[in-house]
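Enquirer: using only what follows, build the 3D model:
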Amino acid sequence: MFQYGGIGEAFKKIYGKEGIKGLTSGILPTLFRDAPFSGLYLMLYQNLKTGSAWMAPITGDSSLHFLCGITAGCLASMITHPADVIKTKMQLNSTKTTIWSTSVGIYQGSGMGGFMTGLAPRMLRRSLMASLAWTVYEKAMKNIGIK
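Expert: Below is the predicted model:
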């Protein structure tokens with residue numbers, strides 16, 4: 001699809017052909033996806049951790065943090081995934097488009113299910129990365145004596 005020898009070459013070719021707009025394509029849907037994901041993830045993680053604290057003696061702290069992280073990541077991914085689909089479609093579209101027209105195109109082409117295309121890989125990747133990070137963070141804070 002794309003024929004670039006590296007990041008520098010891609011940057012030059014995209015900027016030369018499309019200008020700054022080519023380098024920022026999909027920035028709004030990315031922000032609509034990432035900011036809510038982070039906020040939702042943190043809220044869900046903290047609530048799950050607090051609500052399931054009674055399980056810590058059974059599962060162990062690290063396992064509990066990992067499970068809370070996976071669950072929070074899956075839920076936050078499901079909620080924010082439509083913005084990810086819109087962002088990806090906008091970035092792959094050779095003609096510049098708007099969030100609205102991209103959304104209409106997805107709906108007309110695939111219905112509501114089109115907004116959930118690719119959910120499983122994203123959910124798996126985001127959830128595993130976030131849960132591992134939180135598990136390590138919680139363990140480090142406990143070992144340092146902060147928590």
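Enquirer: what about the longest helix in this structure?
Expert: helix 61-92 (DSSP state H).
Enquirer: in that helix, which residues are buried?
Expert: Residues 61, 64-77, 80-90 are the ones in helix 61-92 that count as buried (16 or more other Cβ atoms under 10 Å). C-betas here are computed from N, CA, C, even on glycine.
Enquirer: then stretch 104-116?
Expert: For stretch 104-116, a neighbour-count test (16+ other Cβ under 10 Å) marks Ile106, Gly114, Phe115 as buried.
Enquirer: then stretch 116-125?
Expert: Thr117, Leu119, Arg122, Met123.
Enquirer: pick the one among those residues closest to Lys96.
Expert: Minimum distance to Lys96 across the buried residues of stretch 116-125 is 21.6 Å, recorded for Thr117 (Cβ to Cβ).
Enquirer: who's in contact with that closest one?
Expert: Val85, Ser110 (Cβ atoms under 8 Å, 6 or more residues apart in numbering).
Enquirer: residues near Lys96, how many?
Expert: Neighbours of Lys96 under the rule other Cβ atoms under 10 Å: 11.
Enquirer: next one, pLDDT for it please.
Expert: Looking at Lys96, its pLDDT reads 76.
Enquirer: which one is it nearest to, not counting chain neighbours?
Expert: Lys21 (6.4 Å; Cβ to Cβ, 6 or more residues apart in numbering).
Enquirer: can you tell me the helix or strand for the one you found?
Expert: Per DSSP states H and E, Lys21 falls inside helix 20-23.
Enquirer: thinking Leu132 is in contact with Ile70, fair?
Expert: No - the pair Leu132 / Ile70 is not scored as a contact, 9.4 Å apart, by Cβ atoms under 8 Å.
Enquirer: so Ala10 touches Gln3, yeah?
Expert: No - using Cβ under 8 Å, Ala10 is not in contact with Gln3, being 9.4 Å away.
Enquirer: more neighbours: those two, which one.
Expert: Ala10 (14 against 7).
Enquirer: how close does that one sit to Arg125?
Expert: Distance of Ala10 to Arg125, given as Cβ to Cβ, to the nearest Å: 22 Å.
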